[in-house]
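Participant: pasted the sequence and its predicted model underneath.
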Amino acid sequence: MGRLDPADLIAAAVDQTALDDFGDGRFRDGLEVYAESVQHEADLSELGELSIQATLTAALVNRLRVVDYRAGHPDVADEIIDPPIVVVGMFRAGTTLLSYLLDRDSQNRSLLRWESGDSVPPPTPSDFRQGPRVEASRAGNDMLEMLNPDIAAIHHEEPEGPTECIAVMSQDFKSLSWEAIANVPRYGSWLMEVDQRSAYEYHREVLQVLQHGGVRGRWTLKSPHHAIALDALTAVYPDARLVLLHRDPIVLCASVCSLIACLSGTFSDVDHQRYIAQRWTAMLEESVRRIETFRDTHPEHPIMDVQYSDLVRDPVVAVEALYDGLGLELSGAAHDAMTAYVAAHPRGSRGEHRYDLAGLGLNADDLDDRFSAYRDRYGIESEIV
């Protein structure tokens, strides 16, 4: 591809907004590393080049608007973020289902897909779940799923439903979301070593902006990314209630590799399956290692464990147990709303996510050896028949 120049991306965002204050300049390192990695490693198609450039520019545009809104509304800094529930992961372990269930509780405040990328002006109670910006996000979703219909079965998000924290963290250019759409080894290596605190500080600033419009509550947040950055997360959110979902690691590896192949394959015609199998199984191993290290060194930040098997067996009972473990009360209205959601969204209603281990470049025996200690420690049920 032609040179992907961060200066050009920044200029395009400035032109679109007539703004030029990006706030904390630490985002620039990630943008520069990513742009170089995409240019030399991602093997993008023509569609991929256009899409990645547009996505990078959109991230910069939202950042400009967030910084500008905070400058014009100094009282945003006084917005109190109540102790959030933060679902750490693991990858592909039911975090989306859990986030949608938590969203049924009116005491909770989810980060919605549409507002994560179009944050200004912040939503009000009247346009939180509807309006032109919601429909614009829906159109973008529909376009992506038209280009690659398999995405709907693997990972579908409604524009007015909960999304991943990485959607906001991507605007600081420290986010696994950038790796999910392009195979970028250099950026991936950089991300695993860089101090990610600035991404969480920006994340908190965005949450303050979003609730400034009057839609407040106990934030319920989620992303597998948190597993690799728990120190940064808890430095910014020291009162976070941490939740960790566990699932058969063989299935996790297969599912995440299938997801990444599907997403990045939308924007590249080159077969990256060997790299994906290597990179993302190693990512899961490193996630487990970092979680265990964090638990050992930070007992002041307890983590509530939830088994995927329990969540899918009886979702509402699993949420009741989660609330109890966190010292929270699940109201009758929230219980009924969660029950109704489960009834209206049977598993597999958007199609089955199927994958073949060998076809993904994976070996079940190898994965079983690599993750045996993790499986044993948490008593994780096998899903391999």
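Facilitator: Alright, I've got the coordinates.

Participant: what about the strands in the stretch 101-250 of the chain?
Facilitator: 108-110, 218-222, 241-246 (DSSP state E, counting those that start in this stretch).

Participant: export those as CSV, with columns for mean pLDDT, distance to E32 and mean neighbour count.
Facilitator: In this view, the C-beta of every residue, glycine as well, is placed from N, C-alpha and C. CSV is the format used below for these (pLDDT from 0 to 100; distance: least, Cβ to Cβ, whole Å; neighbours: other Cβ atoms under 10 Å):
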stretch, mean pLDDT, distance to E32, mean neighbour count
strand 108-110, 98, 32, 22
strand 218-222, 98, 28, 23
strand 241-246, 97, 32, 23
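
Participant: need those strands in CSV (columns: distance to A373).
Facilitator: As requested, these are exported to CSV (distance: least, Cβ to Cβ, whole Å):
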stretch, distance to A373
strand 108-110, 34
strand 218-222, 25
strand 241-246, 13
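
Participant: quick check on T96: phi, psi?
Facilitator: In this entry, T96 is assigned phi and psi values of phi -70, psi -50 (degrees, to the nearest 10).

Participant: count the residues that sit near it.
Facilitator: Number of residues near T96 (other Cβ atoms under 10 Å) recorded here: 18.

Participant: same check on G325?
Facilitator: Taking other Cβ under 10 Å as the definition, G325 ends up with a neighbour count of 14.

Participant: quick one: residues contacting it.
Facilitator: M304 (Cβ atoms under 8 Å, 6 or more residues apart in numbering).

Participant: got the buried residues for the helix or strand hosting it?
Facilitator: Here G325 sits within helix 315-326, counting by DSSP states H and E. By neighbour count, and taking 16 or more other Cβ atoms under 10 Å as the criterion, the buried residues in helix 315-326 are P315, V316, A318, V319, A321, L322, Y323.

Participant: try stretch 124-140
Facilitator: Buried residues in stretch 124-140, counted by 16+ other Cβ under 10 Å: D127, F128, R133, V134, S137.

Participant: now render the residues you listed as JSON lines, adding pLDDT and distance to Q39.
Facilitator: What follows is these, written out as JSON lines (pLDDT from 0 to 100; distance: Cβ to Cβ, whole Å):
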{"residue": "D127", "pLDDT": "96", "distance to Q39": "39"}
{"residue": "F128", "pLDDT": "96", "distance to Q39": "39"}
{"residue": "R133", "pLDDT": "96", "distance to Q39": "32"}
{"residue": "V134", "pLDDT": "95", "distance to Q39": "34"}
{"residue": "S137", "pLDDT": "94", "distance to Q39": "28"}
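
Participant: so what's the gap between the longest helix seen in the chain and the chain middle?
Facilitator: The helix that spans the most residues within the chain, counting by DSSP state H, is helix 46-72. Centroid separation between helix 46-72 and its chain, computed with Cα atoms, centre = their mean, to the nearest Å, is 17 Å.

Participant: I'd like the next helix or strand past that helix.
Facilitator: Towards the C-terminus, the helix or strand next in line after helix 46-72, according to DSSP H and E, is strand 85-89.

Participant: what's next to that next one, contact-wise?
Facilitator: Strand 85-89 is contacted by residues 95, 98-99, 102, 108, 218-227, 230, 233, 237, 240-245, 287, 291, 303, 326 when judged by Cβ under 8 Å, 6+ apart.

Participant: strands paired with that strand, and their directions?
Facilitator: In the sheet containing strand 85-89, its partner strands are strand 218-222 (parallel), strand 241-246 (parallel), by DSSP bridges.

Participant: on that earlier part again, which strands or helices does the longest helix of the chain pack on?
Facilitator: Under the contact criterion of 3 or more Cβ pairs under 8 Å, 6 or more residues apart in numbering; DSSP states H and E, helix 46-72 touches helix 6-17, helix 27-41, helix 113-117, helix 176-181, helix 197-211.

Participant: 10 Å instead, please
Facilitator: Using 3 or more Cβ pairs under 10 Å, 6 or more residues apart in numbering; DSSP states H and E, the elements in contact with helix 46-72 are helix 6-17, helix 27-41, helix 113-117, helix 132-147, helix 166-169, helix 176-181, helix 197-211.

Participant: want to throw these into JSON lines with distance to H73?
Facilitator: Output for the helices and strands packed on helix 46-72, formatted as JSON lines (distance: least, Cβ to Cβ, whole Å):
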{"stretch": "helix 6-17", "distance to H73": "17"}
{"stretch": "helix 27-41", "distance to H73": "21"}
{"stretch": "helix 113-117", "distance to H73": "16"}
{"stretch": "helix 132-147", "distance to H73": "19"}
{"stretch": "helix 166-169", "distance to H73": "18"}
{"stretch": "helix 176-181", "distance to H73": "27"}
{"stretch": "helix 197-211", "distance to H73": "8"}
